[in-house]
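Colleague: Sequence and predicted structure below; questions after.
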Amino acid sequence: MLSVVRTSLRVTAAALCWAAVVVVAASTVANSQSQGRDALVVRFAGRAETSAEFISAYGDDIFAREQRMANALMNKATTSAALIRETERSGFTAALLLDKRGHVLSSSPAHPGLHGVNLAPRSSYITAALAGSQSVSTDILSAPGLVPIVAFALPLEGNGGVLTAGFDFEHSPLVNFLAVSSISGTQGYLVDAAGTPIVFGGDGANTSLNGVDPDRALSGPTVVDGRLIVSAPISGTSWRLVLTAPESAVVSPATSSDWVAWLVLGVAALATLVGLVVLQLVGSSRRRVMDAQAQSEEQFRLTIDHAPIGMSLVDLDGRFLRPNSQMCRMLGYEASELSTMTFRDITHPDDVEMDSGLVRKLLNGLIPHYEREKRYIRCDGSTLWVRLSVSLVHNAAGKPLHFVGQVQDMTEMRAAQENLERRALYDSLTGLPNRGLLVDRLTHALVDHRRDEGLLAVAFCDLDHFKRVNDSLGHHAGDLLLQEVALRLQDSVRGSDTVARMGGDEFVIILPRVTSLDLATSVLDRAKLSVERPIEIDGHLLTVSFSAGLAVGGPDDSAEMLLRDADSALYAAKKNGRSRWEIYTAAMRSHALLHLSVEGELHVAIENDEFELHYQPIVTLADRRTVAFEALLRWRHPTRGLLLPASFLDVAEESHLIVDLGQVVLRQACQFLARHPDESWRVFVNVAPVQLGRDFNGVVRRELEAAGVPASRLGLEITENGVLNAAGSSLTEMQELRDMGIELLMDDFGTGYSALSSVLTTPITGIKLDRSFTARLGQDEASDRITSTVADLVASLGAHGVVEGIETDDQCSRALHHGWVHGQGYLFARPAPEASLTLPDANAQLVSPGHAADEVAEAELVSLSPPSPA
Ligand code: C2E
Ligand code: MG
Ligand code: MG
């Protein structure tokens, strides 16, 4: 509403102004009359411009320009962005791209909201272009929301559409004025404040005012050198409109009747007035556009400045012109600082060359824009990863003006990406390369090895009995232990070596380019020494032992082959007593293969009844009388002879075949007992932890019943870790077994990490001290102290105590001295088949320390009686 009022005021002012000019002109006419001349009539002899004149005046390359633009557009998506770019590049101010029926596909900014509108019925030149001929129109094409344009239409090859390009009425003073001159008359100029013509039109169109001083005409119509000049300011602008015509053409003798002259003059004035009103309307419309432009520029500036991504104009030398706030924030510089820098100053040195190359290509027009990921160096020296897109802005004449750069911070995304990559390649617990990366590195090392001097050695390493740490101290402690071991292994090797974690407690070390095998084994010695140093975890001082297998790469080896060989060597190291390393030999592979075939063979062996039990006496240390037997499993292998549990038990446990095998053992043990129904001694059967919690009680009960043997003849041995690991149903099961009257011994005590006190919480009835302690008896004070402490514990529990692996008299008497009642070992008897056993007395029984003390005293074997139970 306000703008309508403003416009009407301007129109009125302009009309008054022009009326004044007319009045002055009229008084000049009157003056002439009074000077004896006939009255003058101003004739406006203007004519509409033709298309041909338009073209000749404003360049006949217009169609050529349009053709270039059409070509440029032809290969691109017909997006508005492409159209706008090509419009500007070709020096037009307006353009529309129409489909073959005349619907607008895309438009330059002056014609928003036209998408889909059918312009064919509105313009003859568009209809002509659709019919296939180039056409031009000075018609003002108008439609709702459409800024009038003077346009050239070009049929597009191939798709039958039309491209119109030209000058829009509001943005081009040229077109604006032409429109005026075609309405209001003869030769005219639009002059700026300095009096220089900006545009011109009308008869004999000419850019020069031919020496006419437009200022002179301001005071009133003036005749100079035979030309009449009238001039009027265009309100709201510094421009003026100047109309000139040869005096002879515009001033002719008046007829005898003055009123006709005055009438003509009046009509002329009226026509001029109408022209001026139109001019004023055009002017105000232009101002509106200019205001809108200024407003949109401000909006544009604000939009850029508040954009969530970094944006900047960059001059052709690479200097930042208008970095936005986000750009400054990302880089840590003030806008004023950035303005003194070029993109090269803040680009990561490794990225500068690539950037410069792309900028050159942009300038040479080889690429329309580019996008890439690159690094900047922030003000604080840190690296900023960004996605940068750059395009080059040209002026209307197609001359490059500046670059526009958009920058998106990729630091977080890259960190996430790197994290993902890391996770795929590295072990999350230790940070060491995982199996995948290890195989990759080993494969490369093998390729290098074919060129390089020296050996390529691979060590497969493993912690002995690591599972016990997990089982007794929990997985958290296990994890901490693995982390510490990883660090120690890394410290033991060179920077060029790789330490990887294969999973669990398995590590692999790649030693490329070692000069000799001795050097490789010395690395293993170092690693072993380092890993086996005591490690404090959660307040516990742990000592783990370390085994390894070493293999050396041959010319035809693959990574997998080399790893398999090192694994075979590790297997050998384990078999040979652990806490050692072995170097791979071809024989090891057959061992490893054997291990693999064991599982298959075990199935067959159970079906074929290839298992038997050997029995080893458990004796009273004081008198060495047998009081019970331990049943030990043997496999009578059809080709390999009698096998000890060590060669198949692991496989049986891992494959859970031990569950079936355990039942075979129970059955045979019960049958053995059944053959001696009148005795009271027990047979102790070993139980693997996996047997528990799977209706083991039911199995025991059924086997006892089937053989007709009371539970009081049976004992079970479960390893320390098995007992400590037992939870829930397993513990209930153990309690039920105990309630049935079955003795439960904790086997191999001392090999796990259980606190002595934890024994109290389990339903066991006795402890078997592992033979590793027995072996050290008399060799160091600590072992003696430990055995005597455990004996105290056993006594305090009123439990049975058996020392395993007694091989010498000295071990026997020391065990006795420390308070142990029972023992087992080669000193007394080796495990043997039933047929060769010497059976104990009918009433032989395991006794608890209290009873034993009495017996010892009675036998007067030693003066050191074991402690009585607390
Ligand atoms: P274990 O239960 O600790 O059995 C004692 C092992 O020590 C037996 O080995 C035995 O022959 C050996 N041994 C006995 N006295 C001495 C000695 O003075 N010096 C030395 N160096 N060794 C001695 P074996 O028979 O090879 O059994 C090894 C392990 O296999 C057993 O250790 C037990 O854990 C397991 N095992 C044996 N039979 C079975 C079974 O039927 N079921 C399950 N689950 N495990 C069994
Ligand atoms: Mg045992
Ligand atoms: Mg044992």
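Modeller: Here it is on my side, so go on. Ligands and ions are numbered 1, 2, ... in the order given.
Colleague: who's in contact with the nearest residue to residue 331 once chain neighbours are set aside?
Modeller: Once flanking residues are discounted, residue 331 sits nearest to residue 378: 5.6 Å by CB to CB, 6 or more residues apart in numbering. For every residue, glycine as well, the C-beta is placed using N, CA and C. If a contact means CB atoms under 8 Å, 6 or more residues apart in numbering, then residue 378 has 330-332, 346, 384 as its contacts.
Colleague: If we use 10 Å, what do you get?
Modeller: Contact partners of residue 378, counting by CB atoms under 10 Å, 6 or more residues apart in numbering, are 330-333, 346, 384, 411.
Colleague: And for residue 607?
Modeller: Taking CB under 10 Å, 6+ apart as the contact definition, residue 607 lies against residue 660.
Colleague: What backbone torsions are found at it?
Modeller: Taking degrees, to the nearest 10, you get phi -60, psi -40 for the backbone angles of residue 607.
Colleague: From ligand 3, how far out is it?
Modeller: Relative to ligand 3, residue 607 is positioned 29 Å away (criterion: CB to the ion, to the nearest Å).
Colleague: and of the contacts of residue 378, the nearest to ligand 2?
Modeller: Using CB to the ion, residue 411 is the member of the contacts of residue 378 that sits closest to ligand 2, with 60.7 Å.
Colleague: Residue 670 falls within a strand, correct?
Modeller: No - counting by DSSP: H, G, I helix; E, B strand; the rest coil, residue 670 is not found in a strand; it is helix.
Colleague: residues from the protein in reach of ligand 3?
Modeller: The chain comes close to ligand 3 at residues 747-748, 804, as judged by CB under 5 Å from the ion.
Colleague: If you rank those by neighbours, which is first?
Modeller: Counting neighbours by other CB atoms under 10 Å, residue 747 leads those with 26 neighbours.
Colleague: now the helices: where do they sit in the stretch 351-500 of the chain?
Modeller: Along the stretch 351-500 of the chain, counting by DSSP state H, counting those that start in this stretch, helices occupy 411-425, 435-451, 466-473, 475-491.
Colleague: wait, which of the ones you listed is closest to ligand 1?
Modeller: Ranking these by proximity to ligand 1 (CB to the nearest ligand atom) places helix 466-473 first, at 13.8 Å.
Colleague: before we move on, back to that, by pLDDT, give me the weakest of the residues of the chain next to ligand 3.
Modeller: The lowest pLDDT within these belongs to residue 748, which sits at 90.
Colleague: show me the contacts for that residue.
Modeller: For residue 748, the contacting residues are 717-722, 767-772, 804, taking CB under 10 Å, 6+ apart as the criterion.
Colleague: Of those, which ones also sit close to ligand 2?
Modeller: By CB under 5 Å from the ion, the members of those lying near ligand 2 are residue 717.
Colleague: show me the contacts for the residue nearest to the spatial centre of the chain.
Modeller: Residue closest to the average C-alpha location in the chain (CA atoms, centre = their mean): residue 417, at 2.4 Å. Applying CB under 10 Å, 6+ apart, we find residue 417 in contact with 385, 410.
Colleague: tell me the average confidence for the helix or strand hosting residue 730?
Modeller: In the assignment (DSSP states H and E), residue 730 maps to helix 729-740. Helix 729-740 comes out with an average pLDDT of 89.
Colleague: which other helices and strands contact that helix?
Modeller: helix 696-707, strand 714-719, helix 720-725, strand 743-749 (3 or more CB pairs under 10 Å, 6 or more residues apart in numbering; DSSP states H and E).
Colleague: in its sheet, what does the last one sit against?
Modeller: Sheet pairing of strand 743-749 (DSSP bridges) gives strand 714-719 (parallel), strand 766-769 (parallel).
Colleague: Could I get the CA-only coordinates of that strand as CSV?
Modeller: Included here for strand 743-749 are C-alpha records, laid out as CSV according to Å, rounded to 0.1, in the frame of the first residue of the first chain:
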residue,chain,number,x,y,z
GLU,A,743,33.9,-88.1,48.3
LEU,A,744,34.8,-85.0,46.3
LEU,A,745,38.5,-84.2,46.0
MET,A,746,39.9,-80.9,44.6
ASP,A,747,42.5,-82.1,42.1
ASP,A,748,45.8,-80.4,41.2
PHE,A,749,45.4,-77.9,44.0
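Colleague: next one: it to chain centre, how far?
Modeller: Its chain's C-alpha centre lies 53 Å from the corresponding centre of strand 743-749 when counted by CA atoms, centre = their mean, to the nearest Å.
Colleague: Let me know whether it sits next to ligand 2.
Modeller: Yes - Strand 743-749 comes into contact with ligand 2 when judged by CB under 5 Å from the ion, the residues involved being residue 747.
Colleague: circling back: of all the helices of the stretch 351-500 of the chain, which one is nearest residue 352?
Modeller: Proximity to residue 352, assessed across these by CB to CB, is greatest for helix 411-425 (19.2 Å).
Colleague: Flag every buried residue along the closest one.
Modeller: Using 16 or more other CB atoms under 10 Å as the test for burial, helix 411-425 gives residue 414.
Colleague: residue ranges with poor pLDDT in the stretch 551-700 of the chain?
Modeller: Residue ranges of the stretch 551-700 of the chain with pLDDT under 70: 591-596.
Colleague: tell me the contacts of the closest residue to ligand 1 within the stretch 451-600 of the chain?
Modeller: In the stretch 451-600 of the chain, no residue comes nearer to ligand 1 than residue 577, which is 11.4 Å away by CB to the nearest ligand atom. Each residue near residue 577 by CB under 10 Å, 6+ apart is listed here: 464, 545, 547.
Colleague: Using the three-state scheme, assign it.
Modeller: coil.
Colleague: Would you mind measuring from residue 632 to residue 766?
Modeller: Taking CB to CB, to the nearest Å as the measure, residue 632 and residue 766 are separated by 18 Å.
Colleague: same check, this time on residue 502
Modeller: According to CB to CB, residue 502 stands 39 Å off from residue 766.
Colleague: ok, back up a step: in a markdown table, list the helices and strands packed on helix 729-740 along with distance to ligand 1.
Modeller: Compiled in a markdown table, the helices and strands packed on helix 729-740 are given as follows (distance: least, CB to the nearest ligand atom, whole Å):
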| stretch | distance to ligand 1 |
| --- | --- |
| helix 696-707 | 12 |
| strand 714-719 | 6 |
| helix 720-725 | 9 |
| strand 743-749 | 5 |
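Colleague: So which of residue 502 and residue 766 has more stuff around it?
Modeller: residue 766 (24 against 19).
Colleague: Of the strands paired with strand 743-749, which is nearest residue 68?
Modeller: Of all these, it is strand 714-719 that lies closest to residue 68, at 89.1 Å by CB to CB.
Colleague: Report the rounded mean pLDDT for the closest one.
Modeller: If you average the per-residue pLDDT over strand 714-719, you get 94.
Colleague: Residue 830: how many residues sit nearby?
Modeller: Residue neighbour count, defined by other CB under 10 Å, stands at 12 for residue 830.
Colleague: follow-up on the earlier one: now the angle from the helix holding residue 730 to strand 743-749?
Modeller: 130 degrees (axes from the mean of the first three to the mean of the last three CA atoms, to 10 degrees).
Colleague: Now do the contacts for the closest residue to residue 783 other than its chain neighbours.
Modeller: The shortest distance from residue 783 to any residue that is not its chain neighbour, by CB to CB, 6+ apart, is 3.7 Å, and that residue is residue 776. Shown in contact with residue 776 (CB under 10 Å, 6+ apart): 782-784, 786-787, 811.
Colleague: PyMOL command for the buried members of the residues you listed?
Modeller: This is how PyMOL selects the buried members of the contacts of residue 776, with burial counted by 16+ other CB under 10 Å:
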select buried, resi 783+784+786+787+811
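Colleague: In helices, which of the contacts of residue 776 fall?
Modeller: Among the contacts of residue 776, DSSP state H puts 782-784, 786-787, 811 in helices.
Colleague: tell me which parts of the chain are close to ligand 1?
Modeller: Selection of the chain residues close to ligand 1 by CB under 6 Å from any ligand atom yields 616, 632-633, 644-646, 649, 658, 662, 665, 686-688, 717, 747-748, 771, 804-807, 824-826, 831.
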